[in-house]
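Participant: coordinates only, sequence not included:
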Ligand SMILES: Nc1ncnc2c1ncn2[C@@H]1O[C@H](COP(=O)(O)OS(=O)(=O)O)[C@@H](OP(=O)(O)O)[C@H]1O
Ligand SMILES: Nc1ncnc2c1ncn2[C@@H]1O[C@H](COP(=O)(O)OP(=O)(O)O)[C@@H](O)[C@H]1O
């Protein structure tokens, strides 16, 4: 176990990213949503996916439903586990981007350090950070899953925005406050970001 010493790269035999992008007629990119629970990351990502699909653009959403319940089901919400969660998501995302797929990631990713790591794994040119800046009070009022109420009662520890930190992104490509923008407006802004990424 440990070091993979007997593995030899086969990359020179593989079709390239550019071959795949030509096949699909599109460019791979990672749209990295970040924001509090309930801010609207998944809802906006779903809207974007639907619109891309209509335009014949292949898209993949990575979110808690397919990552935290699968490959990352051994991870919780300590600072170390969140970091590992993001690292694996970025590595998986990179595979999709390298296949020419428009990839949408919808995780809180609460720290600048973890988002920097994700950008480093994927490559800064292919990494578009979208900060869903919906205020905590609005997210808490929505309380889609009833988790804020439980966190306030002390039933969930280290809950982002309540008892664990969220660091505001320093230079996002886009900021969306879903308490001000309609869903359609947010979706259109993300679409514009993707479609202008030539
Ligand atoms: N302690 C704590 N803090 C924050 N969130 C919690 C916690 N426990 C469970 N949940 C639920 O898990 C979802 C966040 O998971 P993420 O993988 O996006 O978080 S992170 O990026 O690793 O910080 C988040 O879902 P979303 O609402 O989709 O963001 C919560 O429903
Ligand atoms: N303008 C809006 N844009 C996006 N979501 C909105 C908007 N207005 C209300 N919502 C609601 O806010 C909630 C956001 O939840 P979700 O997308 O799961 O957030 P996250 O993935 O960030 O945890 C959904 O119930 C959604 O219907």
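Facilitator: Sure, I can see it. Bear in mind the structure is a predicted one, so any value in this text is a computation, not a measurement. Ligands and ions are numbered 1, 2, ... in the order given.
Participant: Show me the strands in the protein, by range?
Facilitator: Listed in chain order, the strands of the chain (DSSP state E) span 29-35, 59-63, 102-106, 127-132, 174-176.
Participant: Could you dump these into JSON lines and include distance to residue 49?
Facilitator: (Glycine included, C-beta is placed from N, CA and C.) Compiled in JSON lines, those are given as follows (distance: least, C-beta to C-beta, whole Å):
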{"stretch": "strand 29-35", "distance to residue 49": "10"}
{"stretch": "strand 59-63", "distance to residue 49": "5"}
{"stretch": "strand 102-106", "distance to residue 49": "6"}
{"stretch": "strand 127-132", "distance to residue 49": "14"}
{"stretch": "strand 174-176", "distance to residue 49": "16"}
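Participant: Do a quick rundown of the helices in this protein.
Facilitator: Using DSSP state H, the helices of the chain run over 17-24, 41-54, 79-97, 112-122, 136-142, 147-152, 183-195.
Participant: So the longest one, near ligand 1 or not?
Facilitator: This points to helix 79-97. Yes. If you take C-beta under 6 Å from any ligand atom as the test, helix 79-97 does meet ligand 1, through 82, 85, 86.
Participant: Next up, the contacts around the second one.
Facilitator: Pointing back at residue 85 there. Residue 85 is in contact with 67, 68, 72, 75, 107, counting by C-beta atoms under 8 Å, 6 or more residues apart in numbering.
Participant: tally of neighbours for the fourth one?
Facilitator: Think residue 75. Applying other C-beta atoms under 10 Å, we find 16 residues neighbouring residue 75.
Participant: Confirm for me that it is in contact with residue 84.
Facilitator: Yes. With contact defined as C-beta atoms under 8 Å, residue 75 counts as touching residue 84 (5.9 Å).
Participant: Mean pLDDT for the helices of the chain - can I get that in JSON lines?
Facilitator: Formatted as JSON lines, the helices of the chain follow (pLDDT from 0 to 100):
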{"stretch": "helix 17-24", "mean pLDDT": "97"}
{"stretch": "helix 41-54", "mean pLDDT": "98"}
{"stretch": "helix 79-97", "mean pLDDT": "98"}
{"stretch": "helix 112-122", "mean pLDDT": "98"}
{"stretch": "helix 136-142", "mean pLDDT": "98"}
{"stretch": "helix 147-152", "mean pLDDT": "98"}
{"stretch": "helix 183-195", "mean pLDDT": "98"}
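Participant: Format these as CSV; extra columns: distance to residue 61.
Facilitator: Output for those, formatted as CSV (distance: least, C-beta to C-beta, whole Å):
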stretch, distance to residue 61
helix 17-24, 17
helix 41-54, 5
helix 79-97, 10
helix 112-122, 16
helix 136-142, 20
helix 147-152, 21
helix 183-195, 12
